[in-house]
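Structure of the sequence below:
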Amino acid sequence: MTSPPLLAGLRVLDMTQVLSGPFGAQILADLGADVIKLEPPHGDLARNMQPHFIGDDSVYFIALNRNKLSVAVDLKTPAGVELVRRLMARCDVVVENNRPGVLDRLGLKAADIRKENPRLVWCAISGFGQDGPYRDKPAYDMIVQALSGGMSLTGEPGGRPVRAGIPIGDLAAGMYAAIAILAALNRRHVTGQGETIDISMLDCQAAMLTYQAAYFLHSGKGPGRQGSGHDSIPVYRAFTGGDGQDFVICALTEANWLSLCRVLGEPALLSDPRFATARDRYHNRLPLWAHLEEAFKARPAADWVARLAAESVPVAVVNTLDQVVADPQIRHRGMVTELAAPDGRQARVMGNPMKFADAPAAAARFAPRLGEDTADVLRDLLGLSADEIAELERTQAVKPTS
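You can find the predicted model right below:
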């Protein structure tokens with residue numbers, strides 16, 4: 001008998017927009033929680049994100065909101081605010097990523113809502129947290145990448161700082177939020193009490209500095225921009241084959257170094273005192289890199305990858321996205337997911353990376369159309385009659401179901 005989803009019966013009110021919060025809430029939805037996406041009448045801003053669309057919704061939005069229901073409520077109306085308060089009372093988790101104080105001014109303050117629903121886990125995601133001198137500043141992914149120091153480490157040595165190719169400021173905040181919510185739910189299981197969680201995008205990025213920040217705190221010296229290499233391991237970087245294709249080598253151990261020298265056919269490297277030990281190779285990494293870069297021009301990248309892999313040296317080509325989505329390992333693990341909506345819309349997105357032996361994930365549902373579940377949720381969760389729902393639609397407290 002198949003086990004139910006891991007978070008079956010957990011009800012989440014997702015009041016977030018764009019990326020950080022929707023990504024975190026989608027993690028909970030992928031784990032089986034019932035996630036109700038609460039949107040304003042014009043919808044999540046991400047629904048209109050350029051350049052690709054399926055129907056009225058952007059591919060950006062579709063990639064971040066599978067397995068959710070959509071309820072469209074106007075929080076600028078008293079009836080809309082009261083409706084959301086009632087929804088909060090029936091939910092286990094609220095996730096929001098408004099600027100600090102926005103919901104307070106609407107009368108939806110976490111402390112007050114939790115008095116009405118003591119078991120509620122409220123998670124607020126913001127750029128800089130609910131307190132501190134930056135509390136009220138606007139924040140986006142690249143802002144926190146810049147302020148956290150992460151951008152100062154990204155890019156070629158001597159070059160300009162570079163934003164990470166994926167929005168790690170937003171994504172990390174979403175992941176930390178999901179982790180914190182699950183921890184709070186575990187404590188609630190023991191104590192019966194909910195929690196108020198404060199997730200700062202900047203805090204998350206600072207935490208991810210890990211050993212690089214520790215290097216500075218220890219030595220007073222920052223590691224600087226990393227390029228395609230590593231600030232501790234000399235043969236842990238990207239190289240280019242003779243055909244112009246890039247590949248990476250992660251030769252961490254002495255065995256890896258010996259194998260690399262065998263593949264290159266250069267026993268002289270082993271006797272060169274500059275490269276005798278890992279410490280020697282680190283301090284002489286610039287001439288080592290120059291030598292290796294020249295040597296790798298002799299063969300195509302795929303040839304080097306095959307030869308190094310045969311010697312158990314960790315190695316890989318630098319895949320472009322077309323190669324990633326066709327990669328046999330990615331395909332085998334189900335990491336390209338096919339979404340299909342009842343109205344015929346279809347999309348392919350990256351899938352759920354969490355695999356459980358005894359609780360296999362159900363087929364993913366297409367991201368909801370704006371407000372498509374409003375009437376169902378108000379009827380089934382709050383017990384509203386058809387006439388009451390019609391009156392809310394007439395007064396524009398909720399958007400009519402499409």
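
Could you report the distance from residue 309 to residue 295?
17 Å (Cβ to Cβ, to the nearest Å). For glycine as for every other residue, the C-beta is placed from the backbone atoms N, C-alpha and C.

And these two? Which one has more around it.
Using other Cβ atoms under 10 Å as the criterion, residue 309 and residue 295 rank with residue 295 on top: 16 against 13.

In contact with that one, which residues?
264, 266 (Cβ atoms under 8 Å, 6 or more residues apart in numbering).

secondary structure class for it?
Counting by DSSP: H, G, I helix; E, B strand; the rest coil, the backbone at residue 295 sits in helix.

and the gap between it and residue 282?
Relative to residue 282, and taking Cβ to Cβ, residue 295 is found at 19 Å.

do the same with residue 294
From residue 294 to residue 282 the distance is 20 Å (Cβ to Cβ).

the more surrounded of those two?
residue 282 (16 against 9).

A strand includes that one, no?
No - Residue 282 is assigned helix when assessed by three-state DSSP, not a strand.

So what's the residue count around the closest residue to residue 138 other than its chain neighbours?
Distance criterion Cβ to Cβ, 6 or more residues apart in numbering; nearest residue to residue 138, sequence neighbours excluded, is residue 127 at 6.9 Å. Neighbours of residue 127 under the rule other Cβ under 10 Å: 25.

can you check residue 387 too?
Number of residues near residue 387 (other Cβ under 10 Å) recorded here: 8.

Also the one 3 residues further on?
If you count neighbours by other Cβ under 10 Å, residue 390 ends up with 13.

Just the element for it, please.
helix 386-394 (DSSP states H and E).

Against residue 259, how distant is residue 384?
In terms of Cβ to Cβ, residue 384 sits 68 Å off from residue 259.

what do you get for residue 374?
Taken as Cβ to Cβ, the span from residue 374 to residue 259 is 61 Å.

more neighbours, those two?
residue 374 (26 against 18).

Mind checking what secondary structure the closest residue to that one other than its chain neighbours has?
What sits nearest to residue 374 in space, not counting adjacent residues and going by Cβ to Cβ, 6+ apart, is residue 71, at 4.7 Å. What three-state DSSP gives for residue 71 is strand.

tell me, how many neighbours does residue 71 end up with?
By other Cβ under 10 Å, 28 other residues sit near residue 71.

and it, what does it touch?
Taking Cβ under 8 Å, 6+ apart as the test, what residue 71 contacts is 36-39, 87, 371, 373-374, 377-378, 398.

Write down the beta-bridge partners of it, one by one.
Residue 71 has these beta-bridge partners by DSSP bridges: residue 38.

Quick check: pLDDT value at it.
Note on residue 71: pLDDT of 98.

List the buried residues of the helix holding residue 390.
Applying a neighbour-count criterion of 16 or more other Cβ atoms under 10 Å, one finds 389, 392-393 buried in helix 386-394.

And stretch 183-193, by the same measure?
By neighbour count with 16+ other Cβ under 10 Å, stretch 183-193 contains the buried residues 184-185, 188.

Can you lay out these as JSON lines showing secondary structure, distance to residue 53 and pLDDT?
Conversion of these to JSON lines gives the following (DSSP: H, G, I helix; E, B strand; the rest coil; distance: Cβ to Cβ, whole Å; pLDDT from 0 to 100):
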{"residue": "184", "secondary structure": "helix", "distance to residue 53": "37", "pLDDT": "98"}
{"residue": "185", "secondary structure": "helix", "distance to residue 53": "36", "pLDDT": "98"}
{"residue": "188", "secondary structure": "helix", "distance to residue 53": "40", "pLDDT": "98"}
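
Closest to residue 198 out of the residues you listed?
residue 184 (11.7 Å; Cβ to Cβ).

got the phi/psi numbers for the closest residue in space to the closest one that isn't next to it in sequence?
Spatially, and ignoring its direct neighbours in sequence, residue 184 is nearest to residue 195 (3.8 Å; Cβ to Cβ, 6+ apart). With angles defined as degrees, to the nearest 10, residue 195 sits at phi -160, psi 160.

same question, residue 94
The phi/psi pair for residue 94 (degrees, to the nearest 10) is phi -120, psi 130.

so who does it touch?
Residue 94 neighbours (Cβ under 8 Å, 6+ apart): 12-13, 15, 88, 110, 113, 120-123.

tell me which residues form a beta bridge with it?
Assigned bridge partners for residue 94, using DSSP bridges, are residue 13, residue 122.

For it, give its distance to residue 19.
Going from residue 94 to residue 19 by Cβ to Cβ gives 18 Å.

go on, residue 200?
Applying Cβ to Cβ to residue 200 and residue 19 gives a distance of 15 Å.

What segments of this protein are strands?
Remark: strands assigned in the chain by DSSP state E are 11-15, 34-39, 53-54, 57-58, 68-72, 93-96, 121-126, 195-200, 236-240, 246-250, 315-317, 336-340, 346-350.

now those strands in CSV, with distance to residue 151?
Output for the strands of the chain, formatted as CSV (distance: least, Cβ to Cβ, whole Å):
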stretch, distance to residue 151
strand 11-15, 29
strand 34-39, 31
strand 53-54, 31
strand 57-58, 26
strand 68-72, 32
strand 93-96, 27
strand 121-126, 20
strand 195-200, 17
strand 236-240, 19
strand 246-250, 21
strand 315-317, 25
strand 336-340, 30
strand 346-350, 24
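
So for residue 226, which of those sits nearest?
Each of these has some distance to residue 226 by Cβ to Cβ; the shortest is strand 236-240, at 8.8 Å.

Quick check, residue 81 in contact with residue 103.
No - at 9.6 Å, residue 81 does not count as touching residue 103 under the criterion of Cβ atoms under 8 Å.

Comparing those two, which residue is more hemmed in?
The residue with more neighbours, out of residue 81 and residue 103, is residue 103; 21 against 18, by other Cβ under 10 Å.

The more buried one: what's it in contact with?
Contacts of residue 103 (Cβ under 8 Å, 6+ apart): 15, 96, 109-110.
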